[in-house]
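Engineer: Show me the folded form of this:
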Amino acid sequence: MIRTGMASLVLLALTIGATWGATPAKKSASAKPAAAKPSEGEEVAVIETSMGSIVLRFYDKDAPKTVANFKKLARDGFYDGTTFHRVIPGFVVQGGDPNSKDSDRSNDGTGGPGYTTEAEIKRLNKRGAVATARLPDQVNPKRASSGSQFYICLADLASLDKGGYTVFAEVLDGMDVVDKISQVQRDARDNPIDAVVMKKVTIEKRAAKSGEGS
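Structural biologist: Residues are numbered from 1 along each chain as shown. Here you go, the predicted structure:
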């Protein structure tokens with residue numbers, strides 16, 4: 001999938017290339033991930049998509065640099081107008097590439113902010129986990145993360161745990177939206193035929209409801 005002479009970010013597709021041809025991991029019995037409740041005043045990300053909203057809870061302690069980078073990009077409006085450019089039922093939905101804003105579908109999945117972030121590999125790729133895409137070990141032995149591209153797991157994916165990815169958040173609300181996105185019609189490159197757009201990504205503070213805690 002890599003073209004000679006191109007420093008393209010094929011990211012997730014390349015690193016786990018062997019997985020694409022295999023049978024995707026089956027969805028766990030539970031319809032929703034066991035996401036924890038946000039604590040008082042906790043910052044969350046709200047991804048407003050063309051198919052509904054997804055709320056992310058961050059793993060600040062386990063992936064502080066990755067979380068800080070995501071929050072900065074969101075506050076700068078970097079993600080606004082990008083799409084989920086790769087969706088595979090039972091596996092992942094992936095987005096966050098600025099190239100997905102243009103009309104050239106062939107460059108989707110190759111872009112970013114122009115830098116990578118340090119690997120912070122601690123958590124597993126469970127259903128609802130949110131992790132950074134990255135280049136393969138052959139050209140990225142330190143497993144540095146893409147500066148902006150991320151994916152959301154649609155099932156428990158032990159194959160990705162073996163590959164080593166930085167999991168920096170979890171879906172707190174809107175996993176039903178993620179599942180709907182995974183079912184859209186897509187082309188041969190798994191890019192949705194009708195773009196699934198992240199209309200706006202914001203960082204908000206959400207107080208815990210009565211009786212809830214972290």
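
Engineer: helices and strands around the lengthiest helix in the chain, which ones?
Structural biologist: As assigned by DSSP state H, the longest helix anywhere in the chain is helix 64-75. Helix 64-75 is packed against strand 42-49, strand 52-58, strand 116-117, strand 167-173, strand 198-206, with contacts defined by 3 or more Cβ pairs under 8 Å, 6 or more residues apart in numbering; DSSP states H and E. For every residue, glycine as well, the C-beta is placed using N, CA and C.

Engineer: try 7 Å
Structural biologist: strand 116-117, strand 167-173, strand 198-206 (3 or more Cβ pairs under 7 Å, 6 or more residues apart in numbering; DSSP states H and E).

Engineer: State the helix or strand in which the most centrally placed residue in the chain lies.
Structural biologist: Nearest to the geometric centre of the chain sits Y151, at 2.2 Å (Cα atoms, centre = their mean). Under the criterion of DSSP states H and E, Y151 resides in strand 150-153.

Engineer: K200 bridge partners, please.
Structural biologist: Beta bridges link K200 to E48, judged by DSSP bridges.

Engineer: wait, isn't G90 in contact with L154?
Structural biologist: Yes: G90 lies in contact with L154 (Cβ atoms under 7 Å); the separation is 5.7 Å.

Engineer: Comparing these two, which shows the higher neighbour count?
Structural biologist: The neighbour count for G90 versus L154, taken as other Cβ atoms under 10 Å, is higher for L154 (26 against 14).

Engineer: Tell me the spacing between the more buried one and E204.
Structural biologist: As judged by Cβ to Cβ, to the nearest Å, L154 and E204 stand 25 Å apart.

Engineer: and if you look at Y59?
Structural biologist: Note on Y59: its distance to E204, by Cβ to Cβ, is 17 Å.

Engineer: When the two are compared, which one has more neighbours?
Structural biologist: Counted by other Cβ under 10 Å, Y59 and E204 do not tie: Y59 has more neighbours, with 20 against 11.

Engineer: residue contacts, that one?
Structural biologist: Taking Cβ atoms under 7 Å, 6 or more residues apart in numbering, we find Y59 in contact with V67, R123, V167, F168, A169.

Engineer: Would you mind giving me the confidence score for it?
Structural biologist: At Y59, the pLDDT value in this model is 98.

Engineer: swap in I16?
Structural biologist: 42.

Engineer: what do you get for the one 3 residues further on?
Structural biologist: At T19, the model reports a pLDDT of 37.

Engineer: next one: A34
Structural biologist: Listed pLDDT for A34 reads 51.

Engineer: Brilliant, that's me finished.
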